[in-house]
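J.: Turn this into a structure:
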Amino acid sequence: MYGGAVSQDDLVFSGGTLHVVSTIGESLSFHINPHSCLFTGTSQLTWQVTGGAGKFADATGSFTGTVSGRALGPQPRRHLLDRATAAT
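T.: Take a look at the predicted model:
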């Protein structure tokens, strides 16, 4: 579900902690290669600064960006595919 993935993180620095909320936005692109099981994708991401501690006690703001990622899924076992093909 795009726009629904939200996480809250604390970025810890020597001068204090910054609280941020990250929200995944609209998927800009994705592709799954059925032969290599490689997934590639790009999505929008929004960060909202919700405060902090130490030097960041009164921090506020937001910014947006684009993130991309790759993941390699498990590949089917070749001998099982060969067997299934031979049986048909």
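J.: mean confidence score for stretch 9-29?
T.: Stretch 9-29 shows a mean pLDDT of 91 in the predicted model.
J.: ugh, typo on my part, it should be stretch 39-59
T.: Here the average pLDDT along stretch 39-59 is 93.
J.: got the buried residues for it?
T.: If you call a residue buried by 16 or more other C-beta atoms under 10 Å, then stretch 39-59 has these buried ones: 43-44, 47-49, 52, 56, 59. Just so you know, the C-beta spots here come from the backbone N, C-alpha and C atoms, and that holds for glycine as well.
J.: quick one, strands of this protein?
T.: Listed from the start of the chain, the chain has strands (DSSP state E) covering 6-13, 16-33, 38-54, 61-72.
J.: thinking again about what came up before, can you put the buried residues of stretch 39-59 in CSV and add distance to Ser36?
T.: What follows is the buried residues of stretch 39-59, written out as CSV (distance: C-beta to C-beta, whole Å):
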residue, distance to Ser36
Ser43, 21
Gln44, 26
Trp47, 32
Gln48, 36
Val49, 39
Gly52, 42
Phe56, 43
Ala59, 43
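J.: and these, which two are the farthest apart?
T.: In these, two members sit farther apart than any others by C-beta to C-beta. They are Ser43 and Phe56, at 26.7 Å.
J.: sorry, back to before: pick the one among the buried residues of stretch 39-59 closest to Asn33.
T.: Ser43 (18.4 Å).
J.: quick one: contacts for the closest one?
T.: Ser43 sits next to 2, 24-28, 66-68 when contact means C-beta atoms under 8 Å, 6 or more residues apart in numbering.
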